[in-house]
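*Asks:* no sequence on hand, only this structure:
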Ligand code: NAD
Ligand code: ZN
């Protein structure tokens, strides 16, 4: 990395060494290096495909569930093959060392848990579970996948024939209130909020940095592109997260698993 960026990275390490209650806030950018595209990157971001985004909204689900599931099927392959990245392992290791208290994520891919993180607050739910919108019966991802494989599209509840909806927050849905309350509590108690791979434009998640600042925490932002909070952060690094995590992991004596290797 270039010397100015190295200076910033060294300062990040100093902050991390001093901090005692770090919270990470992660967005789709922590998983692009695992092969899962994000929504808002100017290149490759799914947001560029408006039809896809409309069919994935809560209105799209209600009005055209068949199209909704056709879009899901397009997005599923990278979710199924992705492995945690160095960044996921870095955060898991911080928690193991007692430095990090929570990972708040906008991601639905479950990669933080697979890397070993325990206290993960999923603001937008998870693709691993689903439920019937009528009787609320819960379904595992595998049960829904079996229905899809039998060409049951859209998949319906075996009890009441209601539509099955993945437990993910769609555009137009409300955020799960319990997750939001836990996230608010976590940022209000942290001394350092480490914001990784989020464009910080999706509310209410994007309000969490403001709440952390008001409670006295410092902000560090690592993202390829600028965010609306860059001017309020202690340190901003516009670099790929893989490089960031490698540098920090090396400096803090961590043996992070290389990309693509699943945890034992
Ligand atoms: P976003 O798509 O709005 O922003 C991602 C940000 O990450 C971008 O600003 C981009 O510049 C940055 N980025 C991409 N690759 C990076 C890299 N290698 N290193 C550093 N930065 C990188 O994502 P968001 O803010 O998380 O919010 C959008 C919504 O997308 C969320 O609701 C989330 O639920 C959903 N989403 C989730 C996944 C997932 O689970 N992996 C994937 C796509 C979208
Ligand atoms: Zn039902």
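*Replies:* Arrived safely, thanks for sending. This one's a predicted model, so the numbers in the text were calculated from it and none came from an experiment. Ligands and ions are numbered 1, 2, ... in the order given.
*Asks:* near ligand 1, which residues of the stretch 51-200 of the chain are found?
*Replies:* Contact residues, the stretch 51-200 of the chain versus ligand 1 (CB under 6 Å from any ligand atom): 106-109, 124, 197-199. Just so you know, the C-beta spots here come from the backbone N, C-alpha and C atoms, and that holds for glycine as well.
*Asks:* buried residues, the helix or strand bottoming out on mean pLDDT in the chain. List them.
*Replies:* Here the helix or strand of the chain ranked lowest by mean pLDDT, DSSP states H and E is helix 50-55, holding a mean of 82. Residues of helix 50-55 classed as buried: 52, 54-55 (neighbour count, 16 or more other CB atoms under 10 Å).
*Asks:* what does that helix contact?
*Replies:* Residues outside helix 50-55 that contact it (CB atoms under 8 Å, 6 or more residues apart in numbering): 39, 46-47, 60, 64, 67-68, 70-71, 74, 171.
*Asks:* ok, then the element right after that helix?
*Replies:* Helices and strands here follow DSSP states H and E; after helix 50-55, the next one along the chain is helix 58-63.
*Asks:* residue 9 is in contact with residue 244, correct?
*Replies:* Yes: using CB atoms under 8 Å, residue 244 is in contact with residue 9, at 7.0 Å.
*Asks:* which one's more surrounded, these two?
*Replies:* residue 244 (23 against 20; other CB atoms under 10 Å).
*Asks:* the more buried one: helix or strand, and which one exactly?
*Replies:* Assigned by DSSP H and E, residue 244 belongs to helix 241-251.
*Asks:* got it, and residue 126?
*Replies:* Per DSSP H and E: strand 125-132 holds residue 126.
*Asks:* so for that strand, mean pLDDT?
*Replies:* What strand 125-132 shows for mean pLDDT is 96.
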